[in-house]
Structure formats: C-alpha cells, structure tokens
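[1] No sequence on hand, only this structure:
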C-alpha cells in the first residue's frame, strides 16, 4: 500500500510540475538560461556576501558555475554590505550552485541613482 501511494504521489507531482521542473526525459531543467552568457563576463553574488566576476566557461543543471579569470571583490570587515574597493585574483574557480544567489552579465548594465532616495535638503 505504501509503495502504491509513493508511485501515485510521484506521478501526480510530475504531472503538476512538468512545465516547471521535470522534462519529458526526467532530467531537471534549470531556471536560468545561461547558454547566452558562456564565454562572456558575468557577475556572481554568493551567499555570505561574496561577489565575484569572471568569464563563464561552463555550468550544469544544478547551477554549478565555472568561471575563468575570476576576481573577488573584498568586503569591509566592519560592514559586510560595503565593498572596500580591494580585489583578489582567483583565476579558474567553481561556484557551487547552492551558494549562487545572482548571475548577471557585466556588459550591457549601467548603475543608476536610486530614484527612491530623498534629497538631503528634504
């Protein structure tokens, strides 16, 4: 009885989630389409506050990333939300998918002023 319930539950779950998680072949699908970023510069933010940039050389369905010529931007030890402006060259690295929070291209993005900040005189 327990085995039937497990198989039934799996089939229902697979039916409900087939467009999001499970492909027809049974392999997991990634949420991000990183193929367009291969051999291009990317910025990666990791859990714990680390931030690295480098050239994306490869990835897998678990979001493990291989970056070449990686550079880490060091944080202020007193305020982990601020960068110190210092960098550290890492070379070829692997970012574990469970630690990846954000992947963005380094080209084609511009920093803008925060439109929600009040002027100092207000």
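    Done, it's in. The shown structure was predicted, so the numbers you read here are calculated from the model rather than taken from an experiment.

[2] Show the pLDDT at residue 17.
    Listed pLDDT for residue 17 reads 42.

[3] Next, work out how far apart residue 63 and residue 32 are.
    7 Å (Cβ to Cβ, to the nearest Å). No exception for glycine: its C-beta is placed from N, CA and C like everyone else's.

[4] Neighbour count: those two, which is higher?
    In this view residue 63 and residue 32 are compared by other Cβ atoms under 10 Å, and residue 63 has more residues nearby, 17 against 11.

[5] And the longest strand along the chain, how far out from the chain middle?
    Ranked by residue count, the top strand of the chain under DSSP state E comes out as strand 83-95. Offset of strand 83-95 from its chain centre (Cα atoms, centre = their mean, to the nearest Å): 16 Å.

[6] Tell me which residues are up against that strand.
    Strand 83-95 is contacted from outside by 44, 46, 51-52, 54, 57, 64-76, using Cβ atoms under 8 Å, 6 or more residues apart in numbering.

[7] Could you do stretch 58-77 as well?
    With Cβ under 8 Å, 6+ apart as the contact definition, stretch 58-77 has outside contacts at 27-32, 34, 38, 42, 44, 49-57, 81-84, 86-98, 100, 103.
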